[in-house]
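K.L.:
Predicted model follows, preceded by the sequence.
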Amino acid sequence: MYKLTSDLEKNKLLAEKKEFKETVQKKKQQSKQMVDALENFYKNMVGMLKDKIENERFERKIAQ
């Protein structure tokens, strides 16, 4: 009887531990995805600004 209760508690604790690890892993993955998305956003913004500056320089050369 006691062994059965002990085994049930042990299994419950192991399941909770596994669930906790999975939750932590999901949060890490979400954080990484968010950082990657922000990096891509700012890389795109910088690229667009570079293109705009190049176009303005080109147009100024043509205007001269």
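P.N.:
Structure's in. What do you need?
K.L.:
Run the chain-centre distance for whatever helix or strand Lys3 lives in.
P.N.:
Per DSSP states H and E, Lys3 falls inside helix 2-63. Distance of helix 2-63 from the chain centroid (C-alpha atoms, centre = their mean, to the nearest Å) equals 0 Å.
K.L.:
So, low pLDDT: which residues of the protein?
P.N.:
1 (pLDDT under 70).
K.L.:
Give me the residue at the spatial middle of it.
P.N.:
By C-alpha atoms, centre = their mean, the chain has its centre lying nearest to Gln33, at 1.8 Å.
K.L.:
which residues touch that one?
P.N.:
Residues counted as contacts of Gln33 (C-beta atoms under 8 Å, 6 or more residues apart in numbering): none. For glycine as for every other residue, the C-beta is placed from the backbone atoms N, C-alpha and C.
K.L.:
ok, now how distant is it from Ile53?
P.N.:
Going from Gln33 to Ile53 by C-beta to C-beta, to the nearest Å gives 31 Å.
K.L.:
Could you export stretch 19-39 as CSV, keeping only the C-alpha atoms?
P.N.:
The C-alpha coordinates for stretch 19-39 follow below in CSV (Å, rounded to 0.1, in the frame of the first residue of the first chain):
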residue,chain,number,x,y,z
GLU,A,19,6.2,19.6,-17.7
PHE,A,20,8.3,22.3,-16.1
LYS,A,21,11.3,21.6,-18.3
GLU,A,22,9.1,21.6,-21.4
THR,A,23,7.6,25.0,-20.3
VAL,A,24,11.0,26.5,-19.7
GLN,A,25,12.2,25.2,-23.1
LYS,A,26,9.1,26.7,-24.8
LYS,A,27,9.8,30.1,-23.2
LYS,A,28,13.4,30.0,-24.3
GLN,A,29,12.3,29.2,-27.9
GLN,A,30,9.7,32.0,-27.9
SER,A,31,12.3,34.4,-26.6
LYS,A,32,14.8,33.4,-29.3
GLN,A,33,12.1,33.7,-32.0
MET,A,34,11.3,37.2,-30.7
VAL,A,35,14.9,38.3,-30.7
ASP,A,36,15.4,36.9,-34.2
ALA,A,37,12.3,38.7,-35.4
LEU,A,38,13.5,42.0,-34.0
GLU,A,39,16.9,41.5,-35.5
